[in-house]
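K.L.:
fold the following for me, if possible:
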Amino acid sequence: MTTDEKTGQPDWEQRIAGLWANIDSYTPDDFVEKMRLLTDELPAGNAIALFELASANDSTGHEQQAAPLYRQALAAGLAGIRRRRAVIQLSSTLRNLGEAEESVALLTAERNAGSDELDDAVAAFLALALVDTGREREAVALALDRLSRHLPRYNRSLARYARELIDDHG
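P.N.:
Numbering: from 1, shown residues only. Modelled structure (predicted):
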């Protein structure tokens, strides 16, 4: 058995990945309990453990429990791709809990914080939050701008139209 570099626990990341791969094999409560057992292997307050437990709660419909865990994970110094995922997931959870303005603020800051493979996810969840705050034109413009980057043709036209949605009525 090998020791995981990030957590210091034997094959911990592999066991977490295995649990996520089999989420549909468990009831929601059983999945959260299995995740709790794995995260309890790490020291109390470990950012990765808090994030994984937040994600498990979130994925099983326990958003009220997930939100504070995401916040704790971020405050504990969650880093790398998990940090960005935590911001996206917390923002989505907040939107679902009726806190769309905070979701917009978090995702707007995240959008300006850097770029990686989750840029489209940030934009997509920001568009949803914008709709919930009554900023539908901005949401459509954002979604169309991101989509324009993936089309085989019409990229420039669609990006221009997206900008015009904001410029003409923003």
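K.L.:
the chain: helices as residue ranges?
P.N.:
Using DSSP state H, the helices found in the chain span residues 12-21, 28-39, 47-59, 63-75, 80-96, 100-111, 119-132, 136-148, 155-169.
K.L.:
CSV for these, including mean neighbour count and mean pLDDT?
P.N.:
Where you see a C-beta, it was placed from the backbone N, CA and C, and this is true even at glycine. Shown next, in CSV, are those (neighbours: other Cβ atoms under 10 Å; pLDDT from 0 to 100):
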stretch, mean neighbour count, mean pLDDT
helix 12-21, 15, 97
helix 28-39, 16, 98
helix 47-59, 23, 98
helix 63-75, 19, 98
helix 80-96, 20, 97
helix 100-111, 19, 97
helix 119-132, 20, 97
helix 136-148, 18, 95
helix 155-169, 13, 87
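K.L.:
setting the sequence-adjacent residues aside, check what's closest to residue 121.
P.N.:
residue 88 (5.5 Å; Cβ to Cβ, 6 or more residues apart in numbering).
K.L.:
now do the contacts for that neighbour.
P.N.:
Going by Cβ atoms under 8 Å, 6 or more residues apart in numbering, residue 88 touches 107, 110, 118, 121, 122, 125.
K.L.:
again with residue 90
P.N.:
By Cβ under 8 Å, 6+ apart, the neighbours of residue 90 are 54, 66, 67, 70, 71, 74, 106.
K.L.:
the same query, at a cut-off of 6 Å, please.
P.N.:
Neighbouring residues of residue 90 by Cβ atoms under 6 Å, 6 or more residues apart in numbering: residue 70.
K.L.:
likewise for residue 24?
P.N.:
So residue 24 contacts nothing (Cβ under 6 Å, 6+ apart).
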